[in-house]
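Trainee: Please work out how this folds:
(one chain, ligands or ions: 1)
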Amino acid sequence: MSKTCKATVSAEESQATLDQGPLCQQAQGIGKQEPGGTTLKEAMNQLSLYSGTLRTELRSRIPSIGRSFALDQIHLFPEIRYMGSKRRLLPWIHGVLESLDFETALDPFSGSGAVAYLMKAMGRQTVSSDFLNFSATLGKALIENNTVHLDGPAIQSLLRTPRHAPSFIEDTFKGVFYNLEDLRFLDRMSWNIRQLETPHQRALAMAVLIRSCAKRQARGVFTISGNLSRYDDGRRDLRLSIKEHFFEQVRIFNEAVFSNGHHNRTECIDVFKLSPSDVDLVYLDPPYVPRHDDNCYVKRYHFLEGLSCYWQDLTIDYSTKVRKIPKRFTPFSYRRQAVDAFSRLFRHFQSSKIVLSYSSNGYPDLDQLTDILAKTKRNIQVFKRDHTYHFGNHCNVKRTAVEEYLIVGQ
Ligand SMILES: C[S@@+](CC[C@H](N)C(=O)[O-])C[C@H]1O[C@@H](n2cnc3c(N)ncnc32)[C@H](O)[C@@H]1O
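Mentor: Below you'll find the predicted structure:
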């Protein structure tokens, strides 16, 4: 086995390098206008017209363009409350990714899409993927989609009252989630969205609907149903109807759509079925075996998953109070299978640089993981920082303090 070099870089060290560099000083004055009147967005687009080496060289000569644009752009990302979301860690992840040389990137556990959005904003050709359809829908809307917005004609079609709107959602979820007005709106929108002209318009409108539903639901999870008044801490998100949320979110998602000048892609597929292809860098953020509780995404977000495809080909378990759908198997959730799953994962992507997000409360632990990674990568660096995950709302929030790692293997 090849010689392995392991290095640990603390958050302070990596942040210090980032904060003091000239790039950072330029980035902090995030002016929208480049000399000569070009906006940063335009400059990024122009930059990505050049290919290969020339592009890398240009980026290194005018690094502030990519850097400040990405840090600006991530503020427009419409975050959904997603278990394990890296949204709040994006500036840190950005700092680490900036130190690596890559043009093409893959995020095969994309979840909310936050990190794929960052890599797209960094001007890299980006592929996002997740085995859940609603995650992939978010990706199609904001990663793959470079240009399509929900414009006047699209909004008009969304506002239509169809003659024979289906009532599946109302029939299935009455008394379970939301009120009648919300459920009827969801049935109507589900129908109208399917009538939109282009796949990207459909994905964008569905992403808007998904975020509206997540905001309207107490704690953003669908494990709780019926009378949820005990979770009501007076927050606006719980007071607005899904319809009101929807039209507010249209503007937010329209603003979040941007082009980085590349042909980015989104897939909905199990990570081991993805062709490893020839991406320069793979960002890996799989679920990890939890010390307590469980990490099932379908259990928490089954309603959003069903909504994203109108429950087509999904079997609902009517014996459950919340109308569950079958869980998706992933080896990363099981203590007995996790070590083998990580070995397979690293081998699968052995020809790319690997950046793995991990945390101190996962199993296997950091030492075991770096040993596994050392079987396929020579040079391993570990970046660390403290982080607190919040889950729940003001009156019922669960906080978990962890050490967060970025493990880089090249
Ligand atoms: C920790 S989350 C990723 C969070 C994401 N980085 C973000 O910032 O929102 C893990 C994701 O992996 C997905 N996933 C789990 N097992 C998978 C598998 N075998 N193939 C593809 N996706 C999988 C889950 O659906 C979930 O969205």
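
Trainee: ok, which stretches of the stretch 101-250 of the chain are helices?
Mentor: Along the stretch 101-250 of the chain, counting by DSSP state H, counting those that start in this stretch, helices occupy 114-121, 133-139, 152-159, 168-173, 180-195, 199-216, 236-239, 242-256.

Trainee: Quick check, central residue of the chain?
Mentor: Within the chain, one residue has its C-alpha closest to the average C-alpha position: by Cα atoms, centre = their mean, that is G113, at 1.7 Å.

Trainee: May I have the residues that are in contact with it?
Mentor: Counting by Cβ atoms under 8 Å, 6 or more residues apart in numbering, G113 touches F77, D107, S128, S135, L138, G139, L142, I143. All C-beta atoms are positioned from the backbone trio N, CA, C, and that covers glycine.

Trainee: Tell me how many other residues surround the residue nearest to F131 when sequence neighbours are not counted.
Mentor: Nearest in space to F131, with sequence neighbours left out and distances taken as Cβ to Cβ, 6 or more residues apart in numbering, is D270 at 4.9 Å. Using other Cβ atoms under 10 Å, D270 has 13 neighbouring residues.

Trainee: Out of the contacts of G113, which are close to the ligand?
Mentor: S135 (Cβ under 6 Å from any ligand atom).

Trainee: Using TSV, lay out the contacts of G113 together with pLDDT.
Mentor: As requested, those are exported to TSV (pLDDT from 0 to 100):
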residue	pLDDT
F77	98
D107	98
S128	98
S135	98
L138	98
G139	98
L142	98
I143	98
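
Trainee: Ranking by neighbours, what's the top pick from the contacts of G113?
Mentor: Most surrounded of those: other Cβ under 10 Å gives L138, at 33 neighbours.

Trainee: Let's have the helices of the stretch 101-250 of the chain in a markdown table, adding distance to A341.
Mentor: Conversion of the helices of the stretch 101-250 of the chain to a markdown table gives the following (distance: least, Cβ to Cβ, whole Å):
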| stretch | distance to A341 |
| --- | --- |
| helix 114-121 | 20 |
| helix 133-139 | 19 |
| helix 152-159 | 41 |
| helix 168-173 | 34 |
| helix 180-195 | 35 |
| helix 199-216 | 28 |
| helix 236-239 | 36 |
| helix 242-256 | 33 |
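
Trainee: nearest residue to S277 other than its sequence neighbours?
Mentor: Nearest to S277 is L106, by Cβ to Cβ, 6+ apart, at 7.8 Å.

Trainee: May I ask you to confirm that Q350 is in contact with T376?
Mentor: Yes. Judged on Cβ atoms under 8 Å, Q350 makes contact with T376 at a distance of 4.5 Å.

Trainee: So between these two, which is more surrounded?
Mentor: T376 (18 against 14).

Trainee: Alright, calling it a day.
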